[in-house]
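Participant: How does the following fold in three dimensions:
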Amino acid sequence: MNREEFKTSVAATEPPAGLSIPLAALWWDLKGDWARAHSLVDELETKDGMVVLGYLRRKEEQTTNADYWY
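Facilitator: The predicted model follows:
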């Protein structure tokens, strides 16, 4: 799946099958469901999960907390 296909998939009600957890979190964030996105990566201890969590924290204007996850 390329970037454009990912963006287009947001029109669906559920994320595409086979997305990694961090990508599914970004998908839910694009849908406007920050809480669901956050819940997917909140305790995911992978490099990608932590980067997405940092991004979500920064969106919430929690810069200090975001810096920790980066």
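Participant: Tell me the spacing between Met50 and Arg57.
Facilitator: The gap separating Met50 from Arg57 is 10 Å, by CB to CB, to the nearest Å. All C-beta spots, glycine's among them, are computed from the backbone N, C-alpha and C.
Participant: And the residue of the chain most remote from its centre, what's its pLDDT?
Facilitator: In the chain, counting by CA atoms, centre = their mean, Thr64 sits farthest out from the average C-alpha position, at 18.5 Å. We have a pLDDT of 71 for Thr64.
Participant: Now for it, which secondary structure element holds it?
Facilitator: Element membership for Thr64 (DSSP states H and E) is helix 63-69.
Participant: Phe6 too?
Facilitator: Using DSSP H and E, Phe6 sits within helix 3-9.
Participant: Average pLDDT for that helix, rounded please.
Facilitator: Mean predicted confidence for helix 3-9 is 93.
Participant: neighbours around Arg3, how many?
Facilitator: Look at Arg3: counted by other CB atoms under 10 Å, it has 7 neighbours.
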